[in-house]
Structures are given as C-alpha cells and as structure tokens.
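*Asks:* could you work out the structure for the sequence below:
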Amino acid sequence: MSAGTPIRVLVVDDHAMLREGIRSVLAAPTFDIVGEASSGVEAVRVGEQLKPDVVVLDISMPGGSGLHAVPALLERIPGVHILMLSVHEDLEYILESVRAGAHGYLRKDSTPAELRAAVETVHRGEAYFSAQVATQLAQAVRGGVTVDPAVRAPLATDVLTAREKEILVHIAQGQTNREIGTELGISTRTVEAHRDSLMRKLGIRTVAGLTRLALEQNLL
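*Replies:* Now for the predicted structure:
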C-alpha cells in the first residue's frame, strides 16, 4: 500500500450494531470499510470478491465461526491480515486463533484508539494483542498457565518430519529460505517445499504464527 492509501477493511460480526460501531470507529481517511459480513462463510465469499487488506473478524458467530474462516481467508486473499475480535480471553481461543494464522487478537471492550492501532499494526504485518491477551500468551510460553489437553494435543509438531521441524526452527529464528538452504545444504526450492508442507500440516500461514508455535512448544 502506498503512502496515503487507505487500509481496506472487511468487518465481520453477526451483530449489525457492532458492525456499525466498528464502521464509526474506523471512519477516518486512514481506513476504507469495503464491506461487511455476518458469518465466517460469508466472510470468505465477500472477502474473495473485495480483496481487503485487513479482516476484522468476530471469533464466535452462528453459521460459520471466525476461527474456521481464517485458513480459507488466508488461502484465497493473498496478503490479507486478520484481526480477531472477541469477548473471550480464554487461552484456548487465543491459541486456536494464533495457530489458525490470525495476526492479532483484540477484546471487544477495547478502546476505539486501540482498535485503530490494532488494524494499522496487523496491516504492517506485525502481531497485535490487547494487554490481557498478551499476558495470557506470555504466561503460556513461560509455562505458567495450564491449558486443556484437548487444545494442545496432539502437539502440532508431532505431525512434522524431522526436516520440517528443523526448518520450522530456522523460520522462527527469522531466516530466509535461501539462508536456511545454505545452512542445511539443500536447495532453496527444497526449503520452499518443506515450508509449504509444514504450514499446511500446522494450518498456520504466517511467520508470526509459526514463531509463536515454536515458542509454545519450546523449540527455540
């Protein structure tokens, strides 16, 4: 996006009043609300047509949840960034969102200023988590929170080959495909193939998501 070009936003929530509220909050030259949807299924269909830069996505909706929509949105809209918006701050919801590939997670009781900042942050490709959510994630990484085994099991990395785990670690350390190939003595194309495979197996399409998963599972 060139300087001065508004961030194209798709707002997804099953409550029309909340969608209108988000429209009001983002009513500034920095943003352009290109569309709305009321379910995860509709979000994918509308998003594929409108190609937004950022999707502000409710996590719990009838007729297709936001969580289930994340992988499809990432697959069908190249370069899209997803900000989850939820009343929940349970660790299970947060981790599932991160593993699905969401770039941020914001509580619905956040301030208008924080919503605007979150949209701008995820659009830059950076992760954004509200303060309470960030605390939950930090405690999980340090082992200070007990998570329902149903959420953590099977461990995502259990489905990876030894080589895929190795490449996951290098990705999480910020290395490019070329750098990984040089270090492991394999071609860049082979690294790309392993990278695509592990992302598909994990259901995570972002480097930020892979990095958080590597931290959660003590691979770094």
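
*Asks:* average model confidence for the longest helix anywhere in the chain?
*Replies:* In terms of residue count, the longest helix belonging to the chain (DSSP state H) is helix 188-202. In this model, helix 188-202 carries a mean pLDDT of 86.

*Asks:* elements contacting the helix or strand following that helix?
*Replies:* Remark: after helix 188-202, the chain's next helix or strand is helix 207-216, criterion DSSP states H and E. On a contact count with 3 or more C-beta pairs under 8 Å, 6 or more residues apart in numbering; DSSP states H and E, helix 207-216 meets helix 91-100, helix 131-142, helix 162-172, helix 188-202. (Glycine included, C-beta is placed from N, CA and C.)

*Asks:* quick one: which of these is nearest residue 110?
*Replies:* Closest of the helices and strands packed on helix 207-216 to residue 110 is helix 131-142, at 9.1 Å (criterion: C-beta to C-beta).

*Asks:* and the residue nearest the centre of the chain, its phi and psi?
*Replies:* Centrality entry for the chain: nearest residue to the mean C-alpha point is residue 102, 1.1 Å, by C-alpha atoms, centre = their mean. When read as degrees, to the nearest 10, the backbone of residue 102 gives phi -60, psi 150.

*Asks:* ok so, going back, any buried residues in the longest helix of the chain, and which?
*Replies:* Using 16 or more other C-beta atoms under 10 Å as the test for burial, helix 188-202 gives 190-191, 194-195, 198-199, 202.

*Asks:* and for stretch 51-64?
*Replies:* Buried residues in stretch 51-64 (16+ other C-beta under 10 Å): 52-59, 61, 64.

*Asks:* please narrow these to those residing in strands.
*Replies:* 54-58 (DSSP state E).

*Asks:* could you dump those residues into a markdown table with distance to residue 96 and pLDDT added?
*Replies:* Below are those laid out as a markdown table (distance: C-beta to C-beta, whole Å; pLDDT from 0 to 100):
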| residue | distance to residue 96 | pLDDT |
| --- | --- | --- |
| 54 | 20 | 97 |
| 55 | 17 | 97 |
| 56 | 18 | 97 |
| 57 | 13 | 95 |
| 58 | 14 | 92 |
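
*Asks:* on that earlier part again, hang on, the residue nearest to the centre of the chain packs against residue 86?
*Replies:* No - the pair formed by residue 102 and residue 86 falls short of the contact definition of C-beta atoms under 8 Å, at 10.4 Å.

*Asks:* turn the helices and strands packed on helix 207-216 into CSV, columns for distance to residue 24.
*Replies:* Listed next are the helices and strands packed on helix 207-216 as CSV, based on distance: least, C-beta to C-beta, whole Å:
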stretch, distance to residue 24
helix 91-100, 25
helix 131-142, 23
helix 162-172, 39
helix 188-202, 36
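
*Asks:* sheet-wise, list the partners of whichever strand or helix holds residue 34 with their directions.
*Replies:* Using DSSP H and E, residue 34 sits in strand 31-37. Strand pairing for strand 31-37, determined by DSSP bridges: strand 7-12 (parallel).

*Asks:* using CSV, write out every CA atom in the strand it pairs with.
*Replies:* Taking Å, rounded to 0.1, in the frame of the first residue of the first chain, the C-alpha atoms of strand 7-12 are listed here in CSV:
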residue,chain,number,x,y,z
ILE,A,7,-6.4,0.4,4.6
ARG,A,8,-9.2,-1.6,3.0
VAL,A,9,-11.1,-3.3,5.8
LEU,A,10,-13.7,-6.0,5.9
VAL,A,11,-15.8,-6.1,9.1
VAL,A,12,-17.2,-9.5,10.1
